[in-house]
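In: give me a model of this one.
(one chain, ligands or ions: 1)
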Amino acid sequence: MTKSILIIGGAGYIGPVITSELLGAGYDVGCLDLFLYQNQPCVVPFLSNPKYRFTYGDMRDRGALDRALEGVTDVVLLAGLVGDPITAKHPDIARAVNDEGVRSSLDYLVGKGLDKVVFVSTCSNYGLIESDELADETFPLSPLSLYAKSKVAAEEHLMAKKNVADYSATILRFATAFGLAPRTRFDLTVNEFTRELALGRELLVFDAHTWRPYCHVRDFARLIRAVLEAPREKVAFEVFNAGGEANNLTKQMIVDTVLAAIPDGKVRYKDHGSDPRNYRVSFRKVRETLGFEPSFTVRDGVEELLSAMRAHVFDRVEQDRNFHGNYEIEYPVP
Ligand SMILES: NC(=O)c1ccc[n+]([C@@H]2O[C@H](COP(=O)([O-])OP(=O)(O)OC[C@H]3O[C@@H](n4cnc5c(N)ncnc54)[C@H](O)[C@@H]3O)[C@@H](O)[C@H]2O)c1
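Out: The predicted structure follows:
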């Protein structure tokens, strides 16, 4: 039977890239989304594809979720308020969506005859690691933001379904995304640094020595497909860090990568910024279990962004600020 995969929150930055990957592999793909960032254009290219189905709505609306779930075999859950800044700005909405909304949706999916449910979490769950240690999936979690706290709570909620749910659940702790997509977000480190320096602006970098893992959106899409195609016993109720060690980088290393392409870029450094996250991550499990290795380096991402900028693809980022970043929301959506 052909898989029919519903991506909840599939119209944002990463969702459309996963959609292309899965449609390209011959699967049916559905999307449930409410366009929190006026991101309607992201689904337009798919609408004429008979293997694609879009449902407008909030995942917390059972009617909308039921409609979106018709004929579906697998679910990928991306929806929510994404990132520390937007959740700090709207803590009540973040709790309603990222805690209650996600948990009740995961509950609601039980008994629906689904094969796999993939929940996308974040490496931000590791918070601040003082040592040189690489965090593997068993490393103690210490989420610092409301955003990461909700992800940790959702992970626990999902793992507790191990002997209860009929679906096989997999948690992917994504590194920070970069790279081109229909909704390229410029509020994320690699994309932001590249754009600011390419525009000739002075880039202010906080805590340049802090480490984090990064991963290209197209690599994330390949990984989602790999999980959906993996034998159930390899991924059922497993947590995987999603990325590759080669893309564990300090902010300084990212700056240097961009400066290699824009040597006259201006950078100012400051310590003690508001975001103390610092973590290096082990991706051994995803490599050894699923054979997953990212194919794009941060340098590849910087180059493709610069080439798109030179071609005037991103001339309207300032005017369409909210389309290119998670800044403002109206919720519930009118
Ligand atoms: N982008 C990253 O660097 C990154 C890193 C780690 C983890 N992740 C995770 O990956 C997932 C996707 O991230 P993204 O960058 O594409 O985010 P995004 O903000 O671009 O997309 C989120 C989408 O979810 C939709 N949405 C929000 N609330 C909804 C609701 N109640 N019902 C239906 N749809 C809703 C939004 O309209 C949006 O289209 C998220 O779960 C995020 O936490 C992202």
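In: remind me which residues of the stretch 201-334 of the chain are low pLDDT?
Out: By pLDDT under 70, the low-scoring segments of the stretch 201-334 of the chain are 334.
In: which parts of the stretch 201-334 of the chain are strands?
Out: Taking DSSP state E, counting those that start in this stretch as the criterion, the stretch 201-334 of the chain contains strands spanning 202-206, 211-216, 238-242, 248-250, 266-270, 280-281.
In: compare those and give me the one nearest residue 118.
Out: Comparison of those against residue 118 by C-beta to C-beta identifies strand 238-242 as nearest, at 10.0 Å. Bear in mind the C-beta positions are built from the backbone N, C-alpha and C, glycine included.
In: the residue of the stretch 201-334 of the chain found nearest the ligand and residue 87: what is the separation?
Out: Residue nearest to the ligand within the stretch 201-334 of the chain: residue 326 (5.1 Å; C-beta to the nearest ligand atom). For residue 326, the distance to residue 87 equals 9 Å [C-beta to C-beta, to the nearest Å].
In: ok, back up a step: of the strands of the stretch 201-334 of the chain, which approaches residue 300 most closely?
Out: In terms of C-beta to C-beta, the element of the strands of the stretch 201-334 of the chain nearest to residue 300 is strand 211-216, at 7.0 Å.
In: got the contact list for that closest one?
Out: 123, 174-179, 189-190, 241-245, 247-251, 254, 277-281, 283, 294-296, 298, 300-301 (C-beta atoms under 8 Å, 6 or more residues apart in numbering).
In: for that strand, what is the distance to the chain centroid?
Out: Computed by C-alpha atoms, centre = their mean, to the nearest Å, the chain-centroid distance of strand 211-216 equals 12 Å.
In: in its sheet, what does it sit against?
Out: The strands that strand 211-216 pairs with in its sheet are strand 176-178 (parallel), strand 248-250 (antiparallel) (by DSSP bridges).
In: quick one: the last one near the ligand?
Out: No. Counting by C-beta under 6 Å from any ligand atom, the ligand has no neighbours in strand 248-250; the shortest distance is 13.9 Å.
In: show me what from the chain comes close to the ligand.
Out: For the chain, the contact set with the ligand under C-beta under 6 Å from any ligand atom comprises 8-9, 11-15, 32-36, 39, 58-60, 78-80, 82, 97, 101, 120, 122, 174, 176-177, 183, 185, 188, 326.
In: out of the residues you listed, which sit inside strands?
Out: Residues of these located in strands (DSSP state E): 8, 32, 33, 120, 122, 174, 176, 177.
In: include neighbour count when you put the residues you listed into JSON lines, please.
Out: Listed next are those as JSON lines, based on neighbours: other C-beta atoms under 10 Å:
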{"residue": "8", "neighbour count": "29"}
{"residue": "32", "neighbour count": "28"}
{"residue": "33", "neighbour count": "26"}
{"residue": "120", "neighbour count": "26"}
{"residue": "122", "neighbour count": "22"}
{"residue": "174", "neighbour count": "24"}
{"residue": "176", "neighbour count": "20"}
{"residue": "177", "neighbour count": "25"}
